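Colleague: sequence unavailable; structure follows:
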């Protein structure tokens, strides 16, 4: 059985959730980039639209209910022996308070100003931040 990201490029998605000029980040506990702070997201399932996958993954991982999503950027990463292409979206409207929903994979979270982000930052999050800053 071949696995996306390992045996062929995987298709992923992510959401940069913003609230009051801060970005929601979770610390990753598993590869790729274990220990790095990242936006929420995951893989796109077969026959699932990327925006729908991004919403599903973000809501499952954060416990928030997202309003509209805007396309932000594409991030391609070759890291920790994995190859992923991810569509990244931006959410400005998220109802509720985030929670640790998956403690085995995302044990810690926080809201961070774009000029005071925790380190190390995942490459997906870094690409999202670059796009948010318009660079």
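Modeller: Looks like it arrived, so ask away. It should be emphasised that the depicted structure is a prediction, and the values quoted were computed from it without experimental measurement.

Colleague: please look at residue 6 and residue 82 and confirm they touch.
Modeller: Yes - counting by CB atoms under 8 Å, residue 82 is a contact partner of residue 6 at 6.0 Å. C-beta here means a position set from N, CA and C on the backbone, and glycine is covered the same way.

Colleague: higher neighbour count, these two?
Modeller: Shown here are residue 6 and residue 82; by other CB atoms under 10 Å, residue 82 has more neighbours (17 against 12).

Colleague: count of neighbours near the nearest residue to the more buried one once chain neighbours are set aside?
Modeller: Spatial nearest neighbour of residue 82, chain neighbours left out: residue 5 (4.2 Å); criterion: CB to CB, 6 or more residues apart in numbering. Per other CB under 10 Å, the neighbour tally for residue 5 reads 21.

Colleague: got the contact list for residue 5?
Modeller: Contacts for residue 5 (CB atoms under 8 Å, 6 or more residues apart in numbering) come out as 12, 32, 43, 82-84.

Colleague: who wins for most neighbours among the residues you listed?
Modeller: residue 12 (25 neighbours).

Colleague: who's in contact with it?
Modeller: Applying CB under 8 Å, 6+ apart, the residues near residue 12 are 5, 41-44, 84-87, 124.

Colleague: the helices in the protein, which residues?
Modeller: 50-62, 123-132 (DSSP state H).

Colleague: report pLDDT for residue 119.
Modeller: With respect to pLDDT, residue 119 has a value of 98.

Colleague: please apply the same query to residue 131.
Modeller: Reading off the model, residue 131 has pLDDT 98.
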